[in-house]
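Student: The following comprises the amino acid sequence and a computationally predicted model.
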Amino acid sequence: MVVVKNYPDLFKKFKLLIFLIIILGQPPLIFPQTSPRQTEINFRLENGLKVFLLDRPNSPLVNLVLAVGYGSRDEQSEEYGLAHFLEHLILFRGKRSRPVEEIHQDLKRTGGWINGHTSLDATIFELSMPINGFEEGLRNFIDLIFNLNLEEEDIAKEKEIILEEMNLQVSEPFSLAVSLAYEQLFPSHAYGHPVIGRPDTIKELSLEQVIKTHRTYYSPANCALAAVGDLKTIRLEDLIRKYFGPLRGEKISRPSINNPPSLGKIGRAEKELDEKQSHLLFACRAPDISSVDQYAFDLLTAILGRGINPLLIMALGSRRISVANVLVSYNSHRYSGVMLIYLILEPKNVTLAEREVNRWLRQIHQENFSPDDVLGEAKDYIFDFLNAAKKQIKLEAEKSLEDGLKLASSVALYLLLLEDMKLPPYIDTIDKMSSTDLRRVASKYLSRPEMAIVVINPIKTKNK
């Protein structure tokens, strides 16, 4: 049965999840409450596919995203990298009803764009098409993803591509640091191995493994679909039912994943690269995508590292620690979240910066984030970090609504990963947050952080 609801009823619960390719997953932006004139349609096909359609009247594009319940967390140790490898094969190798190259040529000719991403929890495929060519693009999209037909030659060629990607990743400081951090942060958990895999496991992947995995996981009952576009002009719901309805496959019980066990100590890794400056990364466990703590943690992340007056920059500056660049992000996965603090700085400042950030994180729960936290004249000397962060998040939320592809990606992942879980309205909850809430989550997650530290220094030159 089709349920037609008002746009805010569902969307104000969502968080926008944007992929950082290779390893990360999903740092959030947030959906606000929006115009009641926009319509959403939410239903489930008989084959189990969960569908969400959002009406954008007069939009020239249709943005469609399919989220597949298969990611690196589902891999066994002997097949690390298989999810990412399979995503590449689906997009670029083999034949379907015709060669993959012809499908891409048709998509390009009609103004279409297709892409894919693999993360810890899911694989997503994106299609963006002009409204006039959408039906043809939709047929090609389904042909590519569900009608996989490969030969040994396809496997061999794609292995070369993936192995080259690995070489690039280990030479790029941020990608390498994040990969090492996740290994240190989740040493005995399914989140601990790189999404891209390891050279030895990639080399051993077989055609039979790939085909079996595709048949097992790439079932409509194991997927969620979201689309943003002009529903009436192209009768989008009818097209979804027409082309996705005949697909068959059973619901898969994914391998059981527990919440990661306590670390017990701070993980640490050091590497050297041919770089002029040092790269210092802190990775702390944080709320997962289903936790109500995520709201306060989003605000805390914004206060620490974004806006015109980031608290982290002030803390480092007070110790006269100069940094070239700072990135603070929060990535919420299904079974854990991760806060990343990434610094680029001179090698001579690494030791002091590492000590200071470590100390500062443990004490952040004692900070005043708003003038309301103090009395009397002291209010005049407290910057309103809390209110500034709330405004920033609302602005990001409004901007996120303008990107139909990111919007569809967020919804598809929400439907896939949270299923029937209910979260409180996002922006309403952000509005109600107080400094007490921020101090509570800071104390819970950062006062004794489950943390990994990665240092990447320039290669030391030997004196002749």
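Tutor: Structure's in. What do you need?

Student: Report pLDDT for Val4.
Tutor: The model reports Val4 with a pLDDT of 28.

Student: what do you get for Glu356?
Tutor: 95.

Student: ranges for the helices of the stretch 301-450 of the chain?
Tutor: Along the stretch 301-450 of the chain, counting by DSSP state H, counting those that start in this stretch, helices occupy 311-318, 350-363, 385-400, 404-418, 426-432, 435-446.

Student: I'd like these laid out as JSON lines, including distance to Ser175 and mean neighbour count.
Tutor: The C-beta positions use only the backbone N, C-alpha and C, and glycine is treated the same way. As requested, the helices of the stretch 301-450 of the chain are exported to JSON lines (distance: least, C-beta to C-beta, whole Å; neighbours: other C-beta atoms under 10 Å):
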{"stretch": "helix 311-318", "distance to Ser175": "22", "mean neighbour count": "16"}
{"stretch": "helix 350-363", "distance to Ser175": "19", "mean neighbour count": "16"}
{"stretch": "helix 385-400", "distance to Ser175": "24", "mean neighbour count": "18"}
{"stretch": "helix 404-418", "distance to Ser175": "21", "mean neighbour count": "24"}
{"stretch": "helix 426-432", "distance to Ser175": "30", "mean neighbour count": "17"}
{"stretch": "helix 435-446", "distance to Ser175": "25", "mean neighbour count": "19"}
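
Student: Kindly reformat the ones you listed as JSON lines and extend each row with distance to Thr110.
Tutor: Shown next, in JSON lines, are these (distance: least, C-beta to C-beta, whole Å):
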{"stretch": "helix 311-318", "distance to Thr110": "47"}
{"stretch": "helix 350-363", "distance to Thr110": "50"}
{"stretch": "helix 385-400", "distance to Thr110": "27"}
{"stretch": "helix 404-418", "distance to Thr110": "17"}
{"stretch": "helix 426-432", "distance to Thr110": "36"}
{"stretch": "helix 435-446", "distance to Thr110": "47"}
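
Student: Which among the ones you listed is found nearest to Glu237?
Tutor: helix 404-418 (14.9 Å; C-beta to C-beta).

Student: Just want the angle from that closest one to helix 385-400.
Tutor: On the basis of axes from the mean of the first three to the mean of the last three C-alpha atoms, to 10 degrees, helix 404-418 is oriented at 110 degrees to helix 385-400.

Student: elements contacting helix 404-418?
Tutor: Packing partners of helix 404-418 (3 or more C-beta pairs under 8 Å, 6 or more residues apart in numbering; DSSP states H and E): strand 15-17, strand 50-55, strand 61-68, strand 123-130, strand 223-229, helix 385-400.

Student: can you redo those as a markdown table with mean pLDDT?
Tutor: Formatted as a markdown table, those follow (pLDDT from 0 to 100):
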| stretch | mean pLDDT |
| --- | --- |
| strand 15-17 | 33 |
| strand 50-55 | 94 |
| strand 61-68 | 97 |
| strand 123-130 | 97 |
| strand 223-229 | 96 |
| helix 385-400 | 88 |
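
Student: between these, which one is nearest to Leu407?
Tutor: Comparison of the helices and strands packed on helix 404-418 against Leu407 by C-beta to C-beta identifies strand 223-229 as nearest, at 5.4 Å.

Student: if we look at whichever helix in the chain runs longest, which residues are touching it?
Tutor: Longest helix of the chain, by residue count under DSSP state H: helix 152-169. Identification of contacts with helix 152-169 by C-beta atoms under 8 Å, 6 or more residues apart in numbering yields 22, 81, 84-85, 88-89, 92-94, 175-176, 179, 194, 196-197, 199, 202-203, 205-207, 210.

Student: which parts of stretch 58-75 are buried?
Tutor: Judged by neighbour count (16 or more other C-beta atoms under 10 Å), stretch 58-75 contains these buried residues: 59, 61-75.

Student: can I have the longest helix of the chain written out in PDB, keeping just the CAs?
Tutor: Presented in PDB, the C-alpha positions along helix 152-169 are these (Å, rounded to 0.1, in the frame of the first residue of the first chain):
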ATOM      1  CA  GLU A 152      38.100 -14.100 -16.100                       C
ATOM      2  CA  GLU A 153      39.600 -11.300 -18.200                       C
ATOM      3  CA  ASP A 154      37.400  -8.800 -16.500                       C
ATOM      4  CA  ILE A 155      38.600  -9.900 -13.100                       C
ATOM      5  CA  ALA A 156      42.200  -9.700 -14.100                       C
ATOM      6  CA  LYS A 157      42.000  -6.200 -15.600                       C
ATOM      7  CA  GLU A 158      40.100  -4.800 -12.600                       C
ATOM      8  CA  LYS A 159      42.700  -6.300 -10.100                       C
ATOM      9  CA  GLU A 160      45.300  -4.200 -11.800                       C
ATOM     10  CA  ILE A 161      43.200  -1.000 -11.300                       C
ATOM     11  CA  ILE A 162      42.500  -1.800  -7.700                       C
ATOM     12  CA  LEU A 163      46.200  -2.500  -6.900                       C
ATOM     13  CA  GLU A 164      47.100   0.800  -8.500                       C
ATOM     14  CA  GLU A 165      44.600   2.500  -6.300                       C
ATOM     15  CA  MET A 166      46.200   1.000  -3.300                       C
ATOM     16  CA  ASN A 167      49.600   2.300  -4.300                       C
ATOM     17  CA  LEU A 168      48.100   5.800  -4.600                       C
ATOM     18  CA  GLN A 169      46.300   5.500  -1.300                       C
END
